[in-house]
Structures are given as structure tokens and as C-alpha cells.
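Visitor: Compute the structure for the input listed below.
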Amino acid sequence: MNTTKTNEGISTVYLTRDISPESLVKIYKALGVEAKGRVAVKMSTGEGSNPNYLKPELIKNLIYEVDGTIVECNTAYSSGPDDEQDDRNTSANHWKVIERHGFLKYFPVDIMDEYDEMRVPVKDQTNINYDIVGGHMANDGMAYTPLTKLAQEEADKGELPPYEGKAPDLAKYDTVFIGGPVWWGTYPQVMFTLFRDINLDGKTVIPFTTHEGSGLASCVSDVKKAFSKANVTKGFSSRPQYA
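Guide: Presented below is the predicted three-dimensional model:
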């Protein structure tokens, strides 16, 4: 890694020929400034079918280093009738792209304008009176939980923590709702312990989540894997302050 020496008041530029997860962390540490508190990492999670975006495997060490949340916004344009899979102008479509590109496997993600917008007054009103930003800015712009580290560890290890009591007898029900919070891109691992112990063959299963920015994440696909002989619907999600 090379650095440029400059006069005081002029930016220092850090360059590296090593494009790797480890090198990104080295550049961050070379700055000598520690990111503290609730850290937002503003970056693009990529257009739908465009392969040119920063892959989560490349940036994950840096995101873990700062304990960050990736923040995004919906686009002001669509991709046209022939490219719906590329659309990111609605939250529903944008979440599909984010999941398809693999980000929810590793990180919490917050679409800042998922539900609404807010106006922030500007000091110099010569040209504009306010700036329009995502409504999540009122919540520090973050999808955050103190259980993130625990969720990551349990998911990485594939742990199946025990739950209290016995698994419910669902034999008499035709439709079953499965709900829970999103921890590290899916349901808490303890729910997968329950999934192991119940039989939903032939039943209609409706997944739902509460979340702070992750939507359904990979919960629907994970429920389909757990109950391959059930009719699993597309599900729904709710952010607490909008419930």
C-alpha cells in the first residue's frame, strides 16, 4: 500500500494494488480514525443483472471491522418493461436485488427510504429550502440490534439453540403463520430448532418478519427449504414503528 505525502489541509490519498478483503481493512486502519457508535456504510449493492458491483465477499471484512450497516436508497427510475429484475425504484424490488446479490447473507442492510421520506432544512437557502432524505434518517439511518454479533456467530456455526417447552401440535391446522425478527439475514437460529421438530407437510405456510430495515431478508427461502412439502407463500414484513 502506498500513501501520498501532502501539505497540511490537502487530502491524503491511499492507494493499493492488492484488491482483497484484507487490503481494505489495512486502508481503513491507515487512516488512524476509528469508526464508533452506529456505523453506516453507504455503498451500492448493485443493479439487478449488472455484474459490476462490489461483491459482499470483498467488503465483508471491512464491514465487520467497523460493525457497520449498509445503507441504500431506492432509485428514482425504473429499468423499463423488459428489465423488471433490475428495478430498484420500489422497496420490494430493491430488496430482491439486495438478496440476489448476496448481501443479506453477511450484513444488516437499511433501505433509507423504504417507507417514507423526510425534509431536512438547509442552512443556506439561496437555492433550496430543504433536502429530501429517507425517513430512516430519523432513526440514525440504521438497522441495528445489539444481538447482531450473537446472531452472526450462531448463523456462521449453524447452531440450533434449545427452546423452552415443547413443539406445538399443528396437525389440526391447514394454515400456519411463522413469524419472528430478522437476525443476520434470516430468522433467529432457535426458530430453525423448532422447524426441525414440527411437520408442516401439505399445509399453507405464511412467513412474516419484524425488522429494522431488512424486510423479509432470506426468511421465505429458508422456510421453503425447511418445509419443502408445504405451500409457502411470499409472506410479509413489518417495521415496528410502522406496524
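Visitor: can you give me the strands for this structure?
Guide: 2-3, 14-15, 39-42, 68-72, 109-111, 117-121, 130-134, 175-181, 204-210, 231-232, 236-238 (DSSP state E).
Visitor: With adjacent residues omitted, what lies nearest to R100?
Guide: G48 (7.5 Å; Cβ to Cβ, 6 or more residues apart in numbering). The C-beta positions use only the backbone N, C-alpha and C, and glycine is treated the same way.
Visitor: what about the one you found, how many residues close to it?
Guide: 17 (other Cβ atoms under 10 Å).
Visitor: What of the one 5 residues further on?
Guide: Using other Cβ under 10 Å, Y53 is surrounded by 15 other residues.
Visitor: Can you give me the separation between it and V220?
Guide: 23 Å (Cβ to Cβ, to the nearest Å).
Visitor: Quick one: mean pLDDT over stretch 9-29.
Guide: Averaging pLDDT along stretch 9-29 yields 88.
Visitor: hmm, back to that, any chance of the strands of the chain in JSON lines, plus distance to E22?
Guide: Output for the strands of the chain, formatted as JSON lines (distance: least, Cβ to Cβ, whole Å):
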{"stretch": "strand 2-3", "distance to E22": "16"}
{"stretch": "strand 14-15", "distance to E22": "14"}
{"stretch": "strand 39-42", "distance to E22": "17"}
{"stretch": "strand 68-72", "distance to E22": "17"}
{"stretch": "strand 109-111", "distance to E22": "23"}
{"stretch": "strand 117-121", "distance to E22": "37"}
{"stretch": "strand 130-134", "distance to E22": "32"}
{"stretch": "strand 175-181", "distance to E22": "32"}
{"stretch": "strand 204-210", "distance to E22": "34"}
{"stretch": "strand 231-232", "distance to E22": "39"}
{"stretch": "strand 236-238", "distance to E22": "35"}
